[in-house]
Structures are given as C-alpha cells and as structure tokens.
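Enquirer: coordinates for the following, if possible.
(one chain, ligands or ions: 1)
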Amino acid sequence: MEREKLFEELTVKNEKKIVLAVMDGLGGIPYRDGKTELEMAKTPNMDKLARESSCGLAIPVLYGITPGSGPAHLSLFGYDPLKYEIGRGILEALGVGMEVTEKDVAVRGNFATMENGIITDRRAGRIPTEYNRELISLLSKEIKEIDGVKIILKSGREHRFVLILRGDGLSDHVGDGDPQKEGLPQKLPEATSPEGKKTAEIAAKFVKRAEEVLKGKHPANTVLLRGFSKYPGIPSMEKIFKLRPAAIATYPMYRGLARLVGMDILDTGETIADEIDTLKKHWEQYDFFYVHIKKTDSYGEDGNFEAKVKVIEEFDSLLPEILALKPDVLVITGDHSTPSKLKAHSWHPVPFLLKSDYCFNDGLSAFNERECLRGSLGIFPAVEGMALMLANALKMEKFGA
Ligand code: ZN
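Expert: Got it, this is the predicted structure:
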C-alpha cells in the first residue's frame, strides 16, 4: 500500500497535541575542543528531557545526501522528499504569501546591476526593501501579460522578488538566467528540454521588458531569474494525518513549506521568545504545531560555532515555557545538520528527541549527537518521525487484524 494511503486509513483525530520544534541545521560534528555545538552548549533543560525521552539520530533524506531545507522539512512533515520535489521558486512564492496554482511556474528573482551587458552586482547592492517595493509596483503596472501568460510579481527582502508566470502549457524545464558570478555577461533563461521552450521565451521577454522599465534605475537596472518550478500537488496534513496543523516560523521559506502541506501560518515576531508566545496564544486552536528556529543554521553556515551554541542555549532556556503547555508529544530536532566546521549543510544525521507519556525513557545524560547515538530510536529516516509522533499521540489505529 502507498504510504499516504496507509496513514489516511490508520490515523484518527483526538485531543492530543504535538509540538515539533525544529532548530534548523541543528546537527554538528566535533570542532571546538573536539565538541559539537550541542555538546558545547549548556542545555540543562534539554539534557533533563533527554533522560526521560526516546532519542536517536534522524537521516534527513538518504545516507550521505546533503539536503536543502525544503526536502529536509518535507521528511519531518512525514512526506517522502524523493516523491515530492519542491522548487525554490515555489518555496519563495509561498513564503512571501503568494497564492500558487496548478497553472503556475514560480521563479526567484533578483534585482541586479548591469553595466555594458556585464553583471557587476548580482544583488544590486542589496537595495532597501522599500525601494524594491517601488520597483515591483512599477514593473507590475508596466508588464501585466506576455504572450497570453499572466505576470504576477511580489517583493521579497532587499533585492529579492518572486515572479509567477500563470498560463496554460507552462513548464519548469527552464535553466537559471543568472551568470552566478559577477563580471560575466547577462544570461537569459533557456529551456533545458523542448517542453520548456515556450516558458523560457516568455521569461527572457520578461527580462528584456523589465530592463526597459528599469532603465536609469541603477543599481537595480536588470533582473536575474532562477529556480523555475511548478506547483507540486502535495496532499495536506489534514487529509493524510487528520491533524489541524499550524506553523510558527520567522522566515518566509519555512512558512511557505508549511503552507505547502496545508498548515495555517501564524503571525509571529522575530525572536524565539516571540515564537513561543505565539505558540501559547494559539494553543487551543490546533493539535499540531511546527516551531521553526532559523538562526542555528545561519550561524552554522557562517562557521560561527559560538553563536550557534548561543542560539541552542537560548532555545533551551525557553524550553520550560513549551513544557508548561504540557504537549502530549514533544519532538526537538533539526531538519539537517549544519556543522560550523563545514560552514554548510551536511549529510550527518540529526539529534532527535521525542517525549510523550508512552515513550521509552532512554536515560541519556544529555541531548547531543553522541548521546543520541545510544538512544532507543537508533539511526532512522527522518520521514518516519511523523509516524512516531502520531503513534505517541495515540492518533493511529492498528494495521491489520
Ligand atoms: Zn534547514
């Protein structure tokens, strides 16, 4: 039987509440004093919880695969990331709150600087978001349609924006229109297969039209388009798992991911404390909460070991507030590892902690990579995590007689 069908059949609604706290890029490898960030961090609350919880290490996608946050999150939400591919354009579009339909191809855009046909700044000096909004409203007014395909634009932060092409027969078989490096000529989007020809042509026309409109708007006098992607039809968490899910995340991409699987997106502030306040405020309304903490990943990518440690400690200091809500199931994990030593995402399995009234008490002395290795969950595919959460919330019936 298909995985989704199985869950659809077995899951039941009940009053129990699940919290999935995801510290982005949580996992690390030994670095400072031979310790990982989690080992270095002072985390008395998580350490105490580790004693009473089932722990293990989750493999985001497959052994040895370094995932982006998109597929890594899909796994945590219980969806096979190899089955449902989400393009960056779609993620970005959802993240800025654009509605995406089956007819759409979504594209990430950058304002950029071009001098004599050469791209001299791929981010147009990171123009202020306010100025970006002015330019997007100008472009939206001037370019409404190309060859019968609707043009929909929305500003992101600084130099970023999202372009949606809406029409029949569009394809995402289009390569990036981005030279990737400064000092190279402007590059227009090109089809990667015959199917993508029409879409690539329209995208290239959009770039040309945009350049006309942006003439004299130096440094934002051209646009780069990349991440062409179509809407993936993912069945909702409500349908498959019978959950009423909500997402608390500060960054657009993660809100977009959550929306893709049918979560309600809750308004929240910038800090972890704000996010936990949001959790408290909406506690009665939902039975599944995804809480995303971004900065662990950002500092990991910066190679800033100490700052990543601090974010982990900050979360730990606020953990009692989550525990005070008495979630029936609490999971603390990451979507993937972002070791400061690598300054990048990595393939390493991620510490995973699950606390419920029915979990095995592993008796670990701390919550970190090395201790989790001794936990009762062992090393397991992250995509199985959702089943464990549902089972521990008594939301799944018996399979077979
Ligand atoms: Zn991530």
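Enquirer: any idea how many residues pack against Arg123?
Expert: Using other Cβ atoms under 10 Å, Arg123 has 17 neighbouring residues. Any C-beta I mention is one placed from the backbone N, CA and C, and that applies to glycine too.
Enquirer: how about the residue of the stretch 301-401 of the chain found nearest the ion: what's its closest non-neighbour residue?
Expert: Residue of the stretch 301-401 of the chain nearest the ion, by Cβ to the ion: Asp335 (4.3 Å). Distances taken as Cβ to Cβ, 6 or more residues apart in numbering place Ala72 nearest to Asp335, at 3.8 Å, with adjacent residues excluded.
Enquirer: pretty sure the one you found contacts Pro381?
Expert: No. Using Cβ atoms under 8 Å, Ala72 is not in contact with Pro381, being 11.6 Å away.
Enquirer: and these two? which has more neighbours close in?
Expert: Comparing Ala72 with Pro381 by other Cβ under 10 Å, the one with more neighbours is Ala72, at 26 against 15.
Enquirer: what sits up against whichever helix or strand that one is part of?
Expert: Element membership of Ala72, judged by DSSP states H and E, is helix 69-76. Under the criterion Cβ atoms under 8 Å, 6 or more residues apart in numbering, residues 20, 22, 24, 58, 60-61, 67, 80-82, 84-86, 88, 91, 234, 253-254, 257, 261, 297, 333, 335-336, 345, 381-383, 385-386 lie in contact with helix 69-76.
Enquirer: if any of the residues you listed are buried, give me the PyMOL selection for them.
Expert: Buried residues among the contacts of helix 69-76 (16 or more other Cβ atoms under 10 Å), as a PyMOL selection:
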select buried, resi 20+22+24+58+60+61+67+81+84+86+88+91+234+253+254+257+261+297+333+335+336+345+382+383+385+386
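Enquirer: now, the contacts of helix 69-76 that are in strands?
Expert: Per DSSP state E, strands hold the following members of the contacts of helix 69-76: Leu20, Val22, Ala58, Thr333, Pro381.
Enquirer: doesn't Thr113 belong to a strand?
Expert: Yes. Counting by DSSP: H, G, I helix; E, B strand; the rest coil, one finds Thr113 located in a strand.
Enquirer: so what's the residue count around it?
Expert: Quick note: Thr113 (other Cβ under 10 Å) scores 21 neighbours.
Enquirer: show the pLDDT at it.
Expert: Thr113 carries a pLDDT value of 97.
Enquirer: tell me how far it lies from Tyr63.
Expert: Taking Cβ to Cβ, to the nearest Å as the measure, Thr113 falls 42 Å from Tyr63.
Enquirer: ramachandran angles for Cys372?
Expert: Note on Cys372: backbone dihedrals following degrees, to the nearest 10 are phi -60, psi -30.
Enquirer: same question, Glu397
Expert: phi -90, psi 170.
Enquirer: number of nearby residues for it?
Expert: 9.
Enquirer: same check, this time on Arg51
Expert: 15.
Enquirer: residue contacts, Val311?
Expert: By Cβ under 8 Å, 6+ apart, the contact set of Val311 is Met23, Ile272, Ile293, Lys295, Thr296, Tyr299.
Enquirer: could I get the full set of helices for the protein?
Expert: Along the chain, counting by DSSP state H, helices occupy 3-10, 37-40, 44-52, 69-76, 88-95, 129-142, 197-213, 237-241, 252-260, 272-281, 295-302, 305-324, 369-372, 385-392.
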